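Colleague: following is a predicted model, sequence given first.
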Amino acid sequence: MTYFYAAMAVAAWLFLVGAYGIVTSRNLIHLCLCLVVVQASTYVLLTAVGYRPGGVAPIFIDLKETDKAVDPVIQALMLTDIVVEATVVALLLAIAVQIKKKTGTLDPDRVDLMHG
């Protein structure tokens, strides 16, 4: 069970580092990358929740009733999490490129798109 607590500590550390980067970021690209770090904490968390020591792949055709299998729902959630993260980061980076083209800066404090 110590692996679970170690993985939870790593997930919390990744989340805190990414959240600190988001709060202190002075660049929109840096902000997107910090969001990726926060999202990586969910991968570690899902891996810790779905892991079973001595567990086998969740292909139930060849398993006996005494065999332990890892949770396939957690694997599906992680795959969904990866797809959503890739989509969100691509969208945020595209928005950052458009902001740079329109305003000439990536500093969130200097971006003023609401004038007009």
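Modeller: Great, that's in hand. Numbers count the residues shown, from 1 in each chain.
Colleague: select the longest helix from the protein.
Modeller: helix 72-103 (DSSP state H).
Colleague: which other helices and strands contact that helix?
Modeller: The contact analysis (3 or more Cβ pairs under 8 Å, 6 or more residues apart in numbering; DSSP states H and E) places helix 72-103 against helix 28-50. No exception for glycine: its C-beta is placed from N, CA and C like everyone else's.
Colleague: can you check what angle separates the longest helix of the chain from helix 28-50?
Modeller: Orientation of helix 72-103 against helix 28-50 (axes from the mean of the first three to the mean of the last three Cα atoms, to 10 degrees) gives an angle of 180 degrees.
Colleague: give the rounded mean pLDDT of helix 72-103.
Modeller: The average pLDDT within helix 72-103 is 92.
Colleague: for that helix, which positions count as buried?
Modeller: For helix 72-103, the neighbour count (16 or more other Cβ atoms under 10 Å) marks 74, 78, 85, 92, 96, 99 as buried.
Colleague: from these, which is closest to residue 40?
Modeller: residue 85 (8.7 Å; Cβ to Cβ).
Colleague: may I have stretch 51-58 exported as CSV, CA atoms only?
Modeller: Extracted as CSV, the C-alpha positions of stretch 51-58 are listed here (Å, rounded to 0.1, in the frame of the first residue of the first chain):
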residue,chain,number,x,y,z
TYR,A,51,-3.0,-0.4,-10.0
ARG,A,52,-3.2,-3.8,-8.3
PRO,A,53,0.0,-5.6,-7.2
GLY,A,54,0.2,-8.9,-9.1
GLY,A,55,-2.7,-7.9,-11.3
VAL,A,56,-2.9,-9.0,-14.9
ALA,A,57,-4.3,-7.3,-18.0
PRO,A,58,-8.1,-7.1,-17.9
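Colleague: list the contacts of it.
Modeller: Stretch 51-58 is contacted from outside by 3, 4, 7, 63, 67, 68, 69, 70, 71, 72, 75, using Cβ atoms under 8 Å, 6 or more residues apart in numbering.
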